[in-house]
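[1] Prediction below, plus the sequence it came from.
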Amino acid sequence: MIKAVRGTRDLLPPDTALWNFVEAAVRDVFRAYNFQEIRTPIFEETQLFARGVGEETDIVAKEMYTWEDRSRAESEKGTSLTLRPENTAGVVRAYIEHKLWDRGLNKLFYIGPQFRRERPQKGRYRQFNQIGAEAIGPASAGSESPARDAEILELLATLLDRLGIENWTLELNSIGCPNDRAAYNEALRKALEPLAPKMCSDCQRRAVSNPLRVFDCKVPGDQPIIETLPRISQYLDEPCRQHFAQVQTILKATGVPFTLNDRLVRGLDYYTRTAFEFTHGALGAQNAILGGGRYDGLSESLGGPSAPGIGFAIGEDRLVLALKQSAEALQKKPDVYIAPLGTGMNPEAARLARELRRHDIVVELGDETFRLKKSFEVATKLGARYILIVGENELKAEEFALKHLESGEQRSVPRSDLVRAIQA
Ligand code: AMP
C-alpha cells in the first residue's frame, strides 16, 4: 500500500472546516489592518534561502528539500532548486523583482505550505502551513518605525483573541542591528572559547562560525552553559535601544501584554532589532504558535535596495491544534435531502436540486434505486433538515412531500413554494 510520505498528512473533513474557519477569520483581520494577499511559488532557487535565511541556520544546514533541476537543452545550466522552508525570503525576492518600493509601504500576507525535513512529532511536520505577513518598503514610507512593530504585534493579539485562543504569551526581545552584532558576536566568541568543547557538536561549530545560533540549541546538557553567556540586550546601540523602548511604549498603550526574553534570537539569520514569539501552553513541546521580527537588511543581502521590514509566520497546524472549537460544529449540514422514488426519477431530482442550489440551499441528492426507508436513513445520518420526495405522483401533481426530519412534520408543497418552505 502507498501511504502519505512521513511528516506529511491528509486533512480530512470535518477538520478541513476548522482550517477554513481559521483562514476566513484571518482574512477578515488582515482586511481590517489593510494587508493584501501575495502568492509566491512553492519552490525557489536554493541560493535565495542560503543567502536570505543563512547558511548556518538549522533550516538551511539540515532541513531543506533541495534538488538539481537538470536543464532540457545542453546549452542551459542546471539550477539548484529548493521547496520553500519559509516565505519571507520569497516575498522579499518578489519585492525586489517587481520593484514594489514604488508602492510605498507594502502590507502583504500569505497562506500556504512550507517544507522542512525535521523530525516529525505532534505539531511538527515536514509539510506544514504558515499564515504570514510582511510590512516592507522604503524607510521614507515608515517601514522602519516602531509603530509598525507595535501594529503587527497588536494585530496578532487581535487575531488570536478573535479565534478564541486564550492563554497565549508574547515573548519579546531586540537582537540589535549589524553594528551591535559585531561587538556582541566578539563577546560571545570569547565567552564560548573555553565552554564550546563541553557543548554539542553543533554548538562547537556555531561557536566559531555564527555564535548567535548557539541560542537555537535544544540539547538539555548545553542549557546551563548557554544561561551564563552574555546577552544581546547589553550590547544594543542607542538607536536600537530607543527603537525597542518605543515598541514597548506603544504596545503598553494598546494594552497588549508581553514579557521580555533576552534569550530569544529566532532561528533565522535575517532578523534585526525586534524579535518575538507567541507561545501557547496547550501545545506541549512544540509550544511556539508563531514567530517573527524585523529584517531591515534582508533586501540588501539579496541584492535589492534598502527596504526595512517586519513580519511574522503563524504555524497554522499548531493554531488549529490550539483551537477549542469543535470541527463538527462548523460543518454545514444539508438543508434538504432529495429522494428520487422509483425508476426514471433521477433526471427530475437533479433538475430540482439545481433549482434549489441556485438559491444557496445545501442539497444532498439520493438515487432512484434507494428504497424510501434507505433514503430516510441516509438523510438522517447526514443530519439533513428536510427530506423531499420526488416520485411519479408528486411530479404529476407538481407538489412534493417535504418532511422535517426532526419533528416528523410532513406537508405537500407546490414546486414554486419549495425554496421559501425550505429556507423558512
Ligand atoms: P519559524 O519560521 O521557524 O519561526 O516558524 C514560525 C512558526 O511556524 C512556528 O512558530 C511554528 O508554529 C510553525 N512551524 C515551524 N516549523 C514547523 C513544523 N515543522 N511543523 C509545524 N509547524 C511549524
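    That came in fine, so what should we check first?
[2] and Leu18, how many neighbours?
    Each residue near Leu18 was counted by other C-beta atoms under 10 Å, and the total is 22. Backbone N, C-alpha and C define where each C-beta goes, glycine included.
[3] Secondary structure element holding it?
    In this assignment (DSSP states H and E), Leu18 forms part of helix 15-32.
[4] quick one: is that helix near the ligand?
    No: residues of helix 15-32 are not located near the ligand by C-beta under 6 Å from any ligand atom, the shortest gap being 13.1 Å.
[5] repeat for stretch 210-229
    No: using C-beta under 6 Å from any ligand atom, stretch 210-229 stays clear of the ligand, with a minimum separation of 9.9 Å.
[6] What average pLDDT does the helix holding Leu18 get?
    The average pLDDT within helix 15-32 is 96.
[7] got a list of contacts for that helix?
    11, 36-37, 109, 111, 131, 133, 155, 158-159, 162-163, 316, 319-320, 323, 325, 327, 330-332 (C-beta atoms under 8 Å, 6 or more residues apart in numbering).
[8] Now the stretch 1-150 of the chain against the ligand: closest residue?
    Phe128 (3.5 Å; C-beta to the nearest ligand atom).
[9] just to revisit the earlier point, output the helix holding Leu18 as CSV, restricted to C-alpha atoms.
    Output of helix 15-32 as CSV, limited to C-alpha atoms (Å, rounded to 0.1, in the frame of the first residue of the first chain):
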residue,chain,number,x,y,z
ASP,A,15,-11.2,19.1,10.3
THR,A,16,-11.0,20.9,7.0
ALA,A,17,-13.9,23.1,8.2
LEU,A,18,-11.8,24.2,11.1
TRP,A,19,-9.0,25.2,8.7
ASN,A,20,-11.4,27.2,6.5
PHE,A,21,-12.9,28.8,9.6
VAL,A,22,-9.3,29.9,10.7
GLU,A,23,-8.4,31.2,7.2
ALA,A,24,-11.7,33.1,6.8
ALA,A,25,-11.2,34.8,10.3
VAL,A,26,-7.6,35.6,9.5
ARG,A,27,-8.5,37.2,6.1
ASP,A,28,-11.1,39.4,8.0
VAL,A,29,-8.4,40.6,10.4
PHE,A,30,-5.9,41.2,7.6
ARG,A,31,-8.5,43.3,5.8
ALA,A,32,-9.1,45.4,8.9
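[10] So which bits of the chain are right by the ligand?
    So far as C-beta under 6 Å from any ligand atom goes, the chain lies against the ligand at 86, 116, 118, 123-125, 128, 130, 267, 288-291, 313, 315, 317-318.
[11] how about a cut-off of 5 Å?
    86, 116, 118, 124-125, 128, 288, 290-291, 313, 315, 317-318 (C-beta under 5 Å from any ligand atom).
[12] Just the residues you listed: which are in strands?
    Mapping those onto strands (DSSP state E) picks out 128, 288, 290-291, 313, 315.
[13] Show me which of those are buried.
    If you count burial by 16 or more other C-beta atoms under 10 Å, the buried members of those come out as 128, 288, 290-291, 313, 315.
[14] wait, which of the ones in strands among the residues of the chain next to the ligand is closest to the ligand?
    When these are compared against the ligand (criterion: C-beta to the nearest ligand atom), the nearest one is Gly315, at 2.1 Å.
[15] Leaving out sequence neighbours, find the closest residue to the residue of the stretch 1-150 of the chain closest to the ligand.
    Asp317 (5.0 Å; C-beta to C-beta, 6 or more residues apart in numbering).
[16] per-residue confidence at that neighbour?
    At Asp317, the pLDDT recorded in the model is 96.
[17] same deal with Ser209?
    Ser209 is given a pLDDT of 89.
[18] my read: it touches Glu56, true?
    Yes: between Ser209 and Glu56 there is a contact at 5.4 Å, judged by C-beta atoms under 8 Å.
[19] Can you pick out the residue with more neighbours from these two?
    Counted by other C-beta under 10 Å, Ser209 and Glu56 do not tie: Glu56 has more neighbours, with 17 against 10.
[20] Would you enumerate the residues in contact with that one?
    205-206, 209-210, 213, 269.
[21] Can you tell me the closest non-neighbouring residue to it?
    Nearest to Glu56 is Asn210, by C-beta to C-beta, 6+ apart, at 3.9 Å.
[22] Could I get the phi/psi values of the one you found?
    The phi/psi pair for Asn210 (degrees, to the nearest 10) reads phi -160, psi 80.
[23] ok, now Thr274?
    Per degrees, to the nearest 10, the backbone of Thr274 is at phi -60, psi 130.
[24] same thing with Lys381?
    phi -60, psi -40.
[25] list the helices and strands the helix or strand containing Lys252 packs on?
    Lys252 belongs to helix 238-254 when assigned by DSSP H and E. Applying 3 or more C-beta pairs under 8 Å, 6 or more residues apart in numbering; DSSP states H and E, we find helix 238-254 packed against helix 146-162, strand 168-174, strand 272-280.
[26] circling back to that earlier point, make JSON lines from the contacts of Glu56 and add secondary structure to it.
    Formatted as JSON lines, the contacts of Glu56 follow (DSSP: H, G, I helix; E, B strand; the rest coil):
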{"residue": "Arg205", "secondary structure": "helix"}
{"residue": "Arg206", "secondary structure": "helix"}
{"residue": "Ser209", "secondary structure": "helix"}
{"residue": "Asn210", "secondary structure": "coil"}
{"residue": "Arg213", "secondary structure": "helix"}
{"residue": "Asp269", "secondary structure": "coil"}
